[in-house]
Every structure is written in C-alpha cells, then in structure tokens.
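Undergrad: Following is a predicted model, sequence given first.
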Amino acid sequence: MSKASKSGASAFEKLVSDYGDDARTRLSANKNEAQLTLPVSGLVEGAAKLISLQATADREISELDGTVRPDFAVRVDKLMVGHVELKAPGTSLDPTTYAPNSHNGKQWQKLKELPNLLHTNGQEFRLWRYGELVEDPVHVHASNLATFKGLLTASPRLAVVTREVVDGAPG
C-alpha cells in the first residue's frame, strides 16, 4: 500500500503521488523528455479510469498529413480524443518564447492546429484547443521532479485538465 492511500488521500491525490514517484525515479539519472513518457501516460490513463473511461496513450502517431508527431495520441474506446506533447523538465511551454526557426517553434506551428492538446514538461501542464489556451497553466508542487522529497501533490485543477484531455469536455 502506498503512502498516499495510507493517509486517506483521494484517488486523484494517489495518482499524482504515484506519478511523482515514477517521474522522480526515471528523471534521477537522465532529465530528458523521454523519461516522462511512462509517468505522463500513466497519469493520463489513470485520470481516465477515475471518470470510468478506458484511455490508451499511443506513442508518436503522425497527424496533420504526417507533418507532426505529438508524443502521444490519446484514445478512448478506440476513438482518438486528444494528444500529449512532452518537453524536458524546465523547458518553457509558452510558445511565445520559441524562436520561429527553432525545433520547438516549428513544431508549435503544427501542434497548435490540434483540437485537444495537453502540453507538459512534467511540472507544468497546459491544455490547448486549436492553439488557444483553455485554462491557466497548472503545476505540480515540486520545483524539481528528480529531487523533490515526500509525496508529490498538485492543484485539484490538474484533475480537471487531465480529464479534459480524455473526455474533451470543459471542466
């Protein structure tokens, strides 16, 4: 039994705590975005289960006639409902900070065409619909995912944002 369930935490709080444990372990040796693959897919799929949906995060599905490959396509009942794009911890998620000819700048020009995109660097989560920010960014309560101590926590708004990427409905 995890520490979170022993303390009587909600199911979402336990999901965030488990996400933090997995991210901390994976990022302790290497802090690139690939280390967030399993923790973030587990968070998204787990959030879906909490609202009685069966979601699957499929790796690097080409979209927009093959011009962009977000890190995940999210499916619910075999229907694609959203996408997830990972960035390395510490990387800005604000597209206005991307140089137009940089990898992130060019990639954003394509990603912003997607109807339901969760953009994360593991610590910050932004939900976009066709390039429009749906809600203010949501953060987990850790300044460094590789070295934080204790149980990871987050604003309850993270539950709303992760739910919206799997069900596409505003919170």
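TA: Okay, I see it.
Undergrad: Tell me the pLDDT of residue 7.
TA: If you check residue 7, the pLDDT there is 48.
Undergrad: Where is the longest strand in the protein?
TA: Assignment by DSSP state E gives strand 79-86 as the longest strand of the chain.
Undergrad: for that strand, packing partners?
TA: helix 37-50, strand 72-76, helix 103-111, strand 117-120, helix 157-167 (3 or more Cβ pairs under 8 Å, 6 or more residues apart in numbering; DSSP states H and E). (C-beta placed from N, C-alpha, C; glycine too.)
Undergrad: helices or strands next to the second one in the packing?
TA: Packed against strand 72-76, as judged by 3+ Cβ pairs under 8 Å, 6+ apart, are the following elements: helix 37-50, strand 55-59, strand 79-86, helix 157-167.
Undergrad: strands paired with that strand, and their directions?
TA: Strand 72-76 sits in its sheet next to strand 55-59 (antiparallel), strand 79-86 (antiparallel), going by DSSP bridges.
Undergrad: distance between that strand and the chain's centre?
TA: Between the mean C-alpha location of strand 72-76 and the chain-wide mean there is a distance of 12 Å, by Cα atoms, centre = their mean, to the nearest Å.
Undergrad: One more: the last one?
TA: With Cα atoms, centre = their mean as the basis, the distance from the averaged C-alpha position of helix 157-167 to the chain average is 10 Å.
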